[in-house]
Each structure stands twice: as structure tokens, then as C-alpha cells.
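In: Just a sequence and a predicted model for now, questions to come.
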Amino acid sequence: MSAVPTPRVVGERAWVNRSFGALAWFVGLLFFFPVFWMVLNSFKSEQDANTSPKLFFHPTLDRYKDVTKSAGGLLSFSDAFWNSAIVVLVSVAIVLALAIPAAYALSVKPIHKWRDLLFFFISTKFLPIVASILPIWILARNLHLLNTRLVLIILYTGINLPLAIWMLRSFFAEIPRELIEAAEIDGAGLKGQLTSIILPMAAPGIAATALLCIIFAWNEFFYAVQLNPVSGSTMPIWVTTNISTRGDFLAKLSAASVLACIPVVLAGWLAQKRMIRGLAMGAIK
Amino acid sequence: MTAVKYDHATRIYEGTDIAAVDQLDLDVGDGELLVLVGPSGSGKSTALRMLAGLEPLDGGSISIGDRDVSEVRPRDRDIAMVFQNYALYPQLTVAENMGFALKQHGMPKEERVKRVRETAKILDLEPYLARKPKNLSGGQRQRVAMGRAIVRQPSVYLMDEPLSNLDAKLRVQTRTEVVELQHRLGVTTVYVTHDQVEAMTMGDRVAVLKDGVLQQVDAPGTLYHEPANVFVAGFIGSPAMNLVPVGEERPLRLGEVEVVFDQAADAALGGGTGEITVGFRPEALRIGNGPLKATIRTVEDLGPEVFVHVAIDHRGDSVPLVSKMSPPFSGEPGDNVGLELVGTTHVFGGDGLRVTSTNATLR
């Protein structure tokens, strides 16, 4: 992001601005500190991590080696990583494939009673996840889907779909109607309208939507641990396997947590520019 | 031959009982530039969108040439439309914008490029073909929008207030260019505007709409000199025609002064009852030593002409009138003056329709 000069506001007082600025920095650092501490711990020995807080220590990558080496019978880093990657990518791809036409039908060419439908989509989020686990578990067992990637793909698709439809609908609604009408008159069918007008114009919004779906699916723990404790386990479950009942594990757990964070942070960083444009799209004409 | 015909075409928006366009009957001749004009909410844009296929019909039919297009998709109607905000595709260059429709219709690239180039030449757009719309001025964008329509060589052009986003000077200049271009191409054009000056200057014929109902469709001069009803009389012309309700009494009076018609007009009026409205254009009202007493409210000196706003006492109310005078005009707000009628006076019946137009005098 390029630095944008702060516009001068008529009548503002410098000391008020500075105090709010200082407060914002303080709160920001306060929130960031646990993350910082986690990263720091991941480079320590277990001994250093478990003694009184030390800022200066001999950094080591051993904990990363510990957590990524596979031990027989236990969930390995690479298995968990691939499970997560496949579940996340496939489910997000399905979400976008379903949400884009749905959003089109709710904004560009609104179907009859589209408001009711939109409410229905979001109403599926009203139910607490815990309340749904028993029926879902029974269904999954009867369909022989327990401990498979497929069950998580289905669930994450279902969970992300309403959010994606809501987000994409508002992004699509921002596209000036005349553009779509012009394309219609110019001879573009549904496919032409989507590929040459709607998708390129809503690209930042689609990127933002995809990123939020990726973050959710990557981080989801509850369903994963209930439905896939044996195989098909994802990264969050792998992180918890580094908690042991015997001995110290703080540094190892920190290293595992850092590894689990990296893909999401990376995706966020890559999408940042587009996403901010996407989230701000409504403000720009 | 591509004439356009609206036959009882009706559009009622969902959730309303009132027709946005009510049983519109309108014929646009081959190669004609017909202007649809009316205040906002008059249904002029809806009528255009119905022709484009962007609004479905709730009754009647529309045909282009010999073909009933009422149920034909927009892209199969062989039309091109210029939108008020131009609706240029922001991610495409000028050349891609202009070639978009040709590409959608499967024209080979070579021919497409050639056609775009030819059209760009007509519109002086050649230097800008590689630019994106955001890097163009308003006038250039407007020309690209025109180019996008022209390049397709459709059978009908639809234009929805295409000049309203230009500044006043450019608008007047572009107005002439559009008319010239339309005459040169000879393509049937339906042009929507809310600006009656634009309508009068551009249209071969002008259709005036109000509340979804066609009021009158005629050549500009006819609309001005022989308005069908009170609405058209008041809408066409700037400043608007002076319209004064004079009640049911005979003889007709403005304030204390009698309006005297010739015999033919008297005969047309007959002994009829009903509310009568008298209308006369600003140029037919002269300020001087006439019999009708008035007070000057404001004086607008535009250079070649002076609009003088006056007020008369009429049936117990202060009624504003406007007079168009030639300079030099000496008179200040607050001055008491005498008015006389020097041109055509229109008489409208209780139903709003024009009964007669004649030279009248005040006595």
C-alpha cells in the first residue's frame, strides 16, 4: 500500500489527535503481544519457554523440527497440512461456483421474493454449531462419511455459502445496472455478461469473499475434531496433538501454532490489496 | 425499412396500479429522429426501455420494421443504445468497448478492428483507442458511447439523455453533431430527454409525455404554436407560456380587463360553460402603456432579450406573468406598468384541450 497523506481537517486539535493515536497504538500492541510472544516462544527451548519470561535467549529451529517430523501412528504435519489444503481449496471452489450464480440471481436479475431468500440464507447461521453436531454426526456415520475429507468439504461449503452469497450479492449490486443492460443490448448472454462485465468488475469483492471463506475453513476446529478424530484430520487438530500430558510443550505448541497460522497470513497478505479495495468498493464510484 | 411502432404499449411496474406508460401509440418513421420529452416520471425513459427490451410489456406490442419484437430479447432486436451515464465498460479500452458488441456477435477480429477504426475516425476518437474510459474527458466518453452504438450499424438507435452529463457549452455543440450524424447515417432514432430545448432543436418530431400518457406528437414548430393542451403549452417553451385560469364568466377577463377575440374565435368558444384557461407566450405580452395594470417583480437581462417578470391582480390573487422584451428595456422592480397582448392567445377548455388560438386584444 502506498502512503496516503492524511488530509488536514479544519478545526482539529493536534493534541487530541496525538492522544488518540497513542491510545490506538497501545491497544493495537496489546492485542498483538500474545501473537508476538507465541512466535518468540516457538524459537526457544522448552526449558526457556517454561521459565520466567525471557526476552533474550539462544534461538533455535529445533521445535519446528520436532513438530514436523512424523512419528508412527500419530497425525503428521504433512498429512494434516494436505487434508486442510484439500478441504479448504475444494470447499471454497464449490462455494464460489455456487455463490456467484446465486448472487447474480439475487442482485443483477433479482428473482421473485429475493429478500425472503436472502433472509433464509442467513437464517441458517442462527443455529449454534454445537446444537447441530449430533444430527450431523449421526448422518455422517450412517453415510459412512466419518473421518473423511468429504464430510468437511460438504460442511464447510454449507457453512460458508450463506456468507459468500451475502457478500457477493452486495458486490454485484454495486455494478451499475446500465453496464449489464448495455452488455445485454450489445449481445452478451448470461455467460458473456458474467465473464466480460460482472466477474472482472467484482474481482476485488470475489477475492475478499474467497479469503474470508479460506480463513474460516482453515481455522475450523469443532466439526473437524468431532467428525474426523482418526483420519482426514486438519491443521487445528494437528496443533492440539502437540499438547502432551507429560513434560513441557509450550515451545512445541507455539511452533505448531505458527505453522498453522502461516498459510492464512500469507493468503491475507497476498489478497490484502484486492481485499481492501473489495471491502471499500461500496464507497468508491 | 425500419420504422418503429408502439401499439397500445403499456408498462405497469410491480407493486403499483398506475401505468408508467399507458397504452402508448406512436409511429417512428424510417430514418426519423423522434424525441420523447416530458418531466421526470412521465414515462419517457420507460418507453425507451420497452423498445430496448429492458422492460417487459404489460399490454400492447412494439414492432421494429415488420417484426413484432414484444417478446424478443434485447440482443436479438438489432438496436444500439446510448445511456445517460454512457455505461462504458471500465476495464476495457476504447477500442474494446466499441468492438464489444461486434465480438459478441462473432465478427472476425480483422473486420472488427477495421470497423472500430472507421467509426473512431468519424468521431475523432482515433488517438484514444488504447485508453481506458477513466482516462477520458466527459465529452470523449460521450463520443465513445456514441461510437459503440454507431459501429454496430443497427436498425434503430436508442438514446437515453445522452447529453445531460455534459456541460452547457459542450452540450449545445454535441447536440448539433448528433443531429448531423443521425442525418448522415439515416438510421431511425428514438431520443429521450427532459430538456425541452434539446427536444425542440433535435427532433424531426417531438412526442410529449406526461404521467405515462402521450400528450402530443408533432413537429417542434407545431408543438410550440399549436399545443394540443394546457400541459404541452406550459411544458414547451422557455420561459413557459403564461397560463391564466379565467373561470366561467363571459366575456373573459384578465384582472379588470376584458380579453377581446375576433369573431371566429368567439364562435369557437361559443356560449360554452366550464373553466377556461387563457395562454399567451412571453413574446406576446408587451410591457408599456397597455390597459392591464401590473407591477414589475424582477428583470432578467440576457443580452439579446430581456425577460420581465410581472404580477397582476387577477380575481383577488396576485398572478405572476413573464414578458419577453427586446433591449433596451428600462424598468425596475416595483414599477407599475401597463400590459398589452400583441401575439397569439390560446384558449383552453375545462378539459385542458386547446379550443382555439387567435389574436386577442385587451380592453
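Out: Perfect, I can see it now.
In: so who does the residue nearest to residue A:54 when sequence neighbours are not counted touch?
Out: Distances taken as C-beta to C-beta, 6 or more residues apart in numbering or on different chains place residue A:48 nearest to residue A:54, at 5.8 Å, with adjacent residues excluded. Any C-beta I mention is one placed from the backbone N, CA and C, and that applies to glycine too. In this structure, residue A:48 makes contact with A:54, A:57-58, A:251, judged by C-beta atoms under 8 Å, 6 or more residues apart in numbering or on different chains.
In: So which of those sit within helices?
Out: Per DSSP state H, helices hold the following members of the contacts of residue A:48: residue A:251.
In: So which of the contacts of residue A:48 wins on neighbours?
Out: Compared across the contacts of residue A:48, residue A:251 has the highest neighbour count, 26 neighbours, by other C-beta atoms under 10 Å in any protein chain shown.
In: contacting residues around it?
Out: Contacts of residue A:251 were listed using C-beta under 8 Å, 6+ apart, and they are A:41-42, A:44-46, A:48-50, A:63.
In: give me that answer again for 6 Å
Out: Residue A:251 makes contacts with A:41, A:44, A:46, A:49, A:63, as judged by C-beta atoms under 6 Å, 6 or more residues apart in numbering or on different chains.
In: and which of those is nearest residue B:252?
Out: Within these, proximity to residue B:252 (C-beta to C-beta) peaks at residue A:41, which comes in at 98.9 Å.
In: a strand runs through residue B:35, doesn't it?
Out: Yes - if the criterion is DSSP: H, G, I helix; E, B strand; the rest coil, then residue B:35 is within a strand.
In: Could you tell me how many residues sit around the residue lying closest to it once chain neighbours are set aside?
Out: Closest residue in space to residue B:35, ignoring its immediate chain neighbours: residue B:203 at 3.4 Å, by C-beta to C-beta, 6+ apart. Each residue near residue B:203 was counted by other C-beta under 10 Å, and the total is 24.
In: Report pLDDT for residue B:203.
Out: In the predicted model, residue B:203 carries a pLDDT score of 94.
In: From chain A, how far off is it?
Out: As for residue B:203, its distance to chain A is 22 Å (criterion: C-beta to the nearest C-beta, to the nearest Å).
In: which residues does the closest residue to chain B within the stretch 1-150 of chain A contact?
Out: Residue nearest to chain B within the stretch 1-150 of chain A (C-beta to the nearest C-beta): residue A:112, separated by 9.3 Å. Applying C-beta under 6 Å, 6+ apart, one finds that residue A:112 lies in contact with no residue.
In: Give me the three-state assignment for it.
Out: Assignment for residue A:112 (three-state DSSP): coil.
In: The residue nearest to residue B:35 and residue A:266, how far apart?
Out: Summarising the geometry, the distance separating residue B:203 from residue A:266, computed by C-beta to C-beta, to the nearest Å, is 62 Å.
In: still on that earlier bit, least confident of the contacts of residue A:251?
Out: Per-residue pLDDT puts residue A:49 lowest of those, at 80.
In: Would you quantify the distance from the residue of the stretch 1-150 of chain A closest to chain B to residue A:105?
Out: In this structure, residue A:112 and residue A:105 are 10 Å apart, going by C-beta to C-beta.
In: residue ranges for the strands of the stretch 101-250 of chain B, please.
Out: Taking DSSP state E, counting those that start in this stretch as the criterion, the stretch 101-250 of chain B carries its strands at B:156-160, B:188-193, B:205-210, B:213-218, B:242-247.
In: Including distance to chain A and mean neighbour count, could these go into a markdown table?
Out: Below are the strands of the stretch 101-250 of chain B laid out as a markdown table (distance: least, C-beta to the nearest C-beta, whole Å; neighbours: other C-beta atoms under 10 Å in any protein chain shown):
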| stretch | distance to chain A | mean neighbour count |
| --- | --- | --- |
| strand B:156-160 | 8 | 24 |
| strand B:188-193 | 13 | 26 |
| strand B:205-210 | 21 | 24 |
| strand B:213-218 | 24 | 20 |
| strand B:242-247 | 37 | 18 |
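In: Show me which positions of stretch A:236-243 end up buried.
Out: When neighbours are counted by 16 or more other C-beta atoms under 10 Å in any protein chain shown, the buried residues of stretch A:236-243 are found to be A:236-239, A:241-242.
In: Poorly predicted segments of chain A, please.
Out: Counting by pLDDT under 70, the low-confidence segments of chain A come to A:1-4, A:70-73, A:273-285.
In: cutoff 80 now
Out: Applying pLDDT under 80 to chain A flags residues A:1-9, A:12, A:52-56, A:70-74, A:245-247, A:271-285.
In: near chain B, which residues of chain A show up?
Out: A:178-179, A:181-182, A:184-188, A:192, A:200 (C-beta under 6 Å from any C-beta of the partner chain).
In: JSON lines for these, including neighbour count and secondary structure?
Out: JSON lines is the format used below for the residues of chain A next to chain B (neighbours: other C-beta atoms under 10 Å in any protein chain shown; DSSP: H, G, I helix; E, B strand; the rest coil):
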{"residue": "A:178", "neighbour count": "17", "secondary structure": "helix"}
{"residue": "A:179", "neighbour count": "20", "secondary structure": "helix"}
{"residue": "A:181", "neighbour count": "20", "secondary structure": "helix"}
{"residue": "A:182", "neighbour count": "28", "secondary structure": "helix"}
{"residue": "A:184", "neighbour count": "22", "secondary structure": "helix"}
{"residue": "A:185", "neighbour count": "26", "secondary structure": "helix"}
{"residue": "A:186", "neighbour count": "28", "secondary structure": "coil"}
{"residue": "A:187", "neighbour count": "20", "secondary structure": "coil"}
{"residue": "A:188", "neighbour count": "23", "secondary structure": "coil"}
{"residue": "A:192", "neighbour count": "18", "secondary structure": "helix"}
{"residue": "A:200", "neighbour count": "14", "secondary structure": "helix"}
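In: ok, which pair from those residues is furthest apart?
Out: Farthest apart among the residues of chain A next to chain B by C-beta to C-beta are A:185 and A:200. That separation is 18.8 Å.
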